[in-house]
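Peer 1: Sequence plus the predicted model coming up.
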Amino acid sequence: MHPLPRTQFGNPILRQKAKKLSLEEISTPSFKRLIKEMFFTIQDIGIGLAAPQVGKSIQLAVIDIHPLSHRPDVELFKRVLINPKILEYSREKENGYEGCLSFDELRAETTRSKRVKVSYLDEQGTIHVEWIEGLVAKAFQHEIDHLNGVLYVDHVQDSRTIMTTKEFNKCIRRM
């Protein structure tokens, strides 16, 4: 299996609202293969990926947070999100740096809700409604934004926080 080619900033698909999926569409072998390919694509380079980032304008995203992905103190979390929605945002916000596989070389500070109530279908078509928090909540917000044509750079309030990945990694090493 090979990683899927990623859509980069500037491609109009990243600004489109993705198409909602039916239960029939999510039960096909090609759809199940796409899910596997998306997880494979992010295994060493990220924690989330939305279908528009691989050229598919459909309401599908995957999240895979594991200790090797970024921080060893983060709880394992792996989900397929089909037709996801954020139902409620907590009033508590959190600032933090974000990156995106469609902006390979940039990081910037954004503000996201600490907790969100979400609904989504899994790959079997089962509906889930749950409150999530922390890094998982940030990932859900980021990927659901992608499905609605919103990019993380739209959340940047201070352009002085934008930096290259190389600059960001230097800052992290100093901490």
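Peer 2: Arrived safely, thanks for sending.

Peer 1: what is the rounded mean pLDDT of the helix or strand Ser119 falls within?
Peer 2: Using DSSP states H and E, Ser119 sits in strand 115-121. Strand 115-121 carries an average pLDDT of 98.

Peer 1: before we move on, what about stretch 135-143?
Peer 2: 95.

Peer 1: Relative to the whole chain's centre, how far out is the strand or helix carrying Glu98?
Peer 2: Secondary structure from DSSP H and E places Glu98 in strand 93-100. Centroid displacement of strand 93-100 relative to its chain, using Cα atoms, centre = their mean, to the nearest Å, is 12 Å.

Peer 1: Please shift the residue numbers so they start at 841 in all later answers.
Peer 2: Right, with 841 as the first residue, what we last looked at is strand 933-940.

Peer 1: helices or strands up against that strand?
Peer 2: Secondary-structure packing of strand 933-940 (3 or more Cβ pairs under 8 Å, 6 or more residues apart in numbering; DSSP states H and E): strand 943-953, helix 974-987, helix 1005-1014. Placement of C-beta: from N, CA and C, glycine included.

Peer 1: tell me the angle of the first one relative to helix 974-987?
Peer 2: Angle of strand 943-953 versus helix 974-987, following axes from the mean of the first three to the mean of the last three Cα atoms, to 10 degrees, is 110 degrees.

Peer 1: neighbouring strands for strand 943-953, and are they parallel or not?
Peer 2: Strand 943-953 sits in its sheet next to strand 933-940 (antiparallel), strand 1003-1004 (antiparallel), going by DSSP bridges.

Peer 1: residues of it that come out buried?
Peer 2: Neighbour-count burial for strand 943-953, counted by 16 or more other Cβ atoms under 10 Å, picks out Phe943, Leu946, Arg947, Ala948, Glu949, Thr950, Arg952, Ser953.

Peer 1: Flag whichever of those residues scores worst on pLDDT.
Peer 2: For these, the pLDDT minimum is Leu946, 79.

Peer 1: Is Leu874 in contact with Val902, as I believe?
Peer 2: No: between Leu874 and Val902 there is no contact under Cβ atoms under 8 Å: 9.6 Å.

Peer 1: More neighbours: these two, which one.
Peer 2: For Leu874 versus Val902, the count of surrounding residues by other Cβ atoms under 10 Å is larger for Val902: 26 against 19.

Peer 1: so what's the residue nearest to that one when sequence neighbours are not counted up against?
Peer 2: In this structure, Val902 finds its nearest non-sequential neighbour in Met878, 4.7 Å apart by Cβ to Cβ, 6 or more residues apart in numbering. Residues in contact with Met878 (Cβ atoms under 8 Å, 6 or more residues apart in numbering) are Leu844, Leu889, Ala891, Val894, Leu900, Val902.
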